[in-house]
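# below: sequence and its predicted model.
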Amino acid sequence: MPAKPLARVTSPEALDRATGPRAKLELVVPKAWLAEGCALEVTAPKLLCCARCDGGGCDSCGRGGALRAPPRRAQRALQLSLPGDHTTAVQLRLVDPFADSEIEQLLVQVRPGTTTTPGVTRIEPALQLTPSPAAAWVKPLLRVALVLLAIVLLVMALTY
């Protein structure tokens, strides 16, 4: 079985210019989840609102105002990571969120509220990486070590 790429690097401008179907999903979670950051498991509904026309009907959604997610519940399961340090709302853009689906991009808007949207479960706190004070000297030390290594290799190459 061929390996599936974990991610692809693309610019936001290229995503904005993409003309394929773009759906949106609005979620409500407790304010603390947005502030702390966490991982979520989300089961998307079968029909998602078209993000281009906001449900009004356009060429991208076939004038229906909605896009179909995969029929099986397991195929609509997503895992998201909220970055933390947000108190109002956050929007995530997922490229090709479902296998074998017409949806090219899914815009997930997450805002705080009193009740959590059905189908949303908190998995764990998001991993927050904070550099230790000692880590400030590691990068310059690595540069010095690489320069010294290059000099040693150059001297060795010239003497042989």
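Thanks, I have it. Residues are numbered from 1 along each chain as shown.

# I figured residue 53 hits residue 64, correct?
No - between residue 53 and residue 64 there is no contact, the gap being 9.6 Å when judged by C-beta atoms under 8 Å. For glycine as for every other residue, the C-beta is placed from the backbone atoms N, C-alpha and C.

# and the two? Which one has more around it.
residue 53 (17 against 13; other C-beta atoms under 10 Å).

# is residue 118 in a helix, a strand, or coil?
Here residue 118 is recorded as coil under DSSP: H, G, I helix; E, B strand; the rest coil.

# ramachandran angles for residue 148?
phi -60, psi -40 (degrees, to the nearest 10).

# what do you get for the one 10 residues further on?
The main-chain torsion angles of residue 158 are listed as degrees, to the nearest 10 and equal phi -80, psi -30.

# that one and residue 23: what is the separation?
61 Å (C-beta to C-beta, to the nearest Å).

# between the two, which one's more packed in?
residue 23 (28 against 7).

# in the chain, where is pLDDT below threshold?
For the chain, the stretches with pLDDT under 70 are 1-12, 14-15, 125-139.

# how about the helices in it?
Per DSSP state H, the chain carries helices over the ranges 12-17, 31-36, 138-159.

# let me know which of the ones you listed is tucked in deepest.
Mean neighbour count, computed with mean count of other C-beta atoms under 10 Å, is highest for helix 31-36 among the helices of the chain, reaching a mean of 16.

# quick one: contacts of that helix?
Contact with helix 31-36 is made by 40, 82, 84-90, 110-113, 122, 125-126, as judged by C-beta atoms under 8 Å, 6 or more residues apart in numbering.

# narrow those to just the buried residues.
40, 82, 84, 86, 90, 110-112, 122, 126 (16 or more other C-beta atoms under 10 Å).

# rebuild the residues you listed as TSV, extending it with distance to residue 104.
Shown next, in TSV, are the buried ones among the contacts of helix 31-36 (distance: C-beta to C-beta, whole Å):
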residue	distance to residue 104
40	22
82	23
84	28
86	26
90	21
110	20
111	24
112	28
122	28
126	26
